[in-house]
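*Asks:* fold the following and give me the result.
(4 chains)
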2 protein chains.
Amino acid sequence: MPKRPGQPARGTRTGRPIMVLLDVLGQRWTLRILWELQQGRCTFRELRSRCGGPSPTILNRRLKELRELGLLDHDAPGYGLTEAGRELGEHLLALSAWSERWARTLAGRNARAVRAPVSGGR
Amino acid sequence: MPKRPGQPARGTRTGRPIMVLLDVLGQRWTLRILWELQQGRCTFRELRSRCGGPSPTILNRRLKELRELGLLDHDAPGYGLTEAGRELGEHLLALSAWSERWARTLAGRNARAVRAPVSGGR
DNA sequence: CTTCCTGCTACATTAGGTGTAGCAGATCGT
DNA sequence: ACGATCTGCTACACCTAATGTAGCAGGAAG
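*Replies:* Numbers count the residues shown, from 1 in each chain, chains lettered A, B, ... in the order given. The predicted model follows:
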């Protein structure tokens, strides 16, 4: 079943692009695939390895979906991002930068919760 | 199993924040939950309804995970985003804007492929 | 004491992902 | 021409994750 903007995503009836996008990205491996290809195009097998070895079944399914959504191409050697895919990749880079800061504050919070379990420390 | 930055995400051995983030966001409903709460805090039942009715089992699991990651709170009435959660929500808003443009170019591409199947159509 | 919210938990069913094996096609060196 | 070695897959049995419905304990209001 090819998900597309204009067609309802799971859990919606409108085909709002953001809903379709959240639905697609919320499947396992999709984000990881975009992330890995963002670091450079590569073959199916290499991509599988970079992702930590998902089953070829599911990897292929994801690649098909992403190609239908115009985010990936499958030309030269192996797979790569299209223009739209690169744009999406930019957002992932932004998320990566954010996540570093997030991890630091989260670590700080935990450390505090451990060091000073005085009030309501569980 | 509580995923956290510092602890390896599925498919990795490093606990790189971006990997943990991609892993968590790549589970069904996580992105949708953040999206819906980004539009305002609400109760468990209301949230479930907004998301299109995922099973309470999985909704509750996701809410727990997101709370442990410091993205959600569960205080006043129902659930809401923390500061970190709101920051992440900003990125989703950016994605939403992007997705509108993406949908238009994608629709254009398809229309062309249908109207002019002259060379290599299909 | 009843009613109606709240946030859940239980449990059987089904959809989704895993892991291993292996195959057909293209490209290489001999 | 033949084997070796890539490529991108497909098949299939197995297991985990999500679904859908039911229902329960706790708190607030009448």
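*Asks:* for chain A, which segments count as helices?
*Replies:* Ranges of helices in chain A, per DSSP state H, are A:17-25, A:30-38, A:44-50, A:56-68, A:83-115.
*Asks:* any chance of a markdown table for those, columns mean pLDDT, mean neighbour count and distance to B:L92?
*Replies:* Any C-beta I mention is one placed from the backbone N, CA and C, and that applies to glycine too. A markdown table is the format used below for these (pLDDT from 0 to 100; neighbours: other C-beta atoms under 10 Å in any protein chain shown; distance: least, C-beta to C-beta, whole Å):
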| stretch | mean pLDDT | mean neighbour count | distance to B:L92 |
| --- | --- | --- | --- |
| helix A:17-25 | 97 | 23 | 8 |
| helix A:30-38 | 98 | 22 | 13 |
| helix A:44-50 | 97 | 15 | 26 |
| helix A:56-68 | 97 | 15 | 19 |
| helix A:83-115 | 88 | 15 | 10 |
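*Asks:* reformat those helices as TSV; add distance to B:Q39.
*Replies:* Output for these, formatted as TSV (distance: least, C-beta to C-beta, whole Å):
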stretch	distance to B:Q39
helix A:17-25	11
helix A:30-38	22
helix A:44-50	35
helix A:56-68	27
helix A:83-115	20
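*Asks:* quick check: which of those is nearest to B:R104?
*Replies:* Evaluated over these, closeness to B:R104 peaks at helix A:17-25, with 8.7 Å, by C-beta to C-beta.
*Asks:* may I have the closest one exported as PDB, CA atoms only?
*Replies:* Output of helix A:17-25 as PDB, limited to C-alpha atoms (Å, rounded to 0.1, in the frame of the first residue of the first chain):
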ATOM      1  CA  PRO A  17       1.200  16.000   4.100                       C
ATOM      2  CA  ILE A  18       2.400  16.200   7.700                       C
ATOM      3  CA  MET A  19       0.300  13.300   8.700                       C
ATOM      4  CA  VAL A  20       1.600  11.200   5.800                       C
ATOM      5  CA  LEU A  21       5.100  12.200   6.700                       C
ATOM      6  CA  LEU A  22       4.800  11.400  10.400                       C
ATOM      7  CA  ASP A  23       3.200   8.100   9.500                       C
ATOM      8  CA  VAL A  24       6.100   7.200   7.200                       C
ATOM      9  CA  LEU A  25       8.900   8.400   9.400                       C
END
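*Asks:* does DNA strand C sit close to it?
*Replies:* No. Judged by C-beta under 7 Å from any atom of the strand, helix A:17-25 makes no contact with DNA strand C; its nearest approach is 10.3 Å.
*Asks:* does anything pack onto that helix? Which helices or strands?
*Replies:* On a contact count with 3 or more C-beta pairs under 8 Å, 6 or more residues apart in numbering or on different chains; DSSP states H and E, helix A:17-25 meets helix B:30-38, helix B:83-115.
*Asks:* DNA strand D: which of these is closest?
*Replies:* Nearest of the helices and strands packed on helix A:17-25 to DNA strand D, taken as C-beta to the nearest atom of the strand: helix B:30-38 at 8.4 Å.
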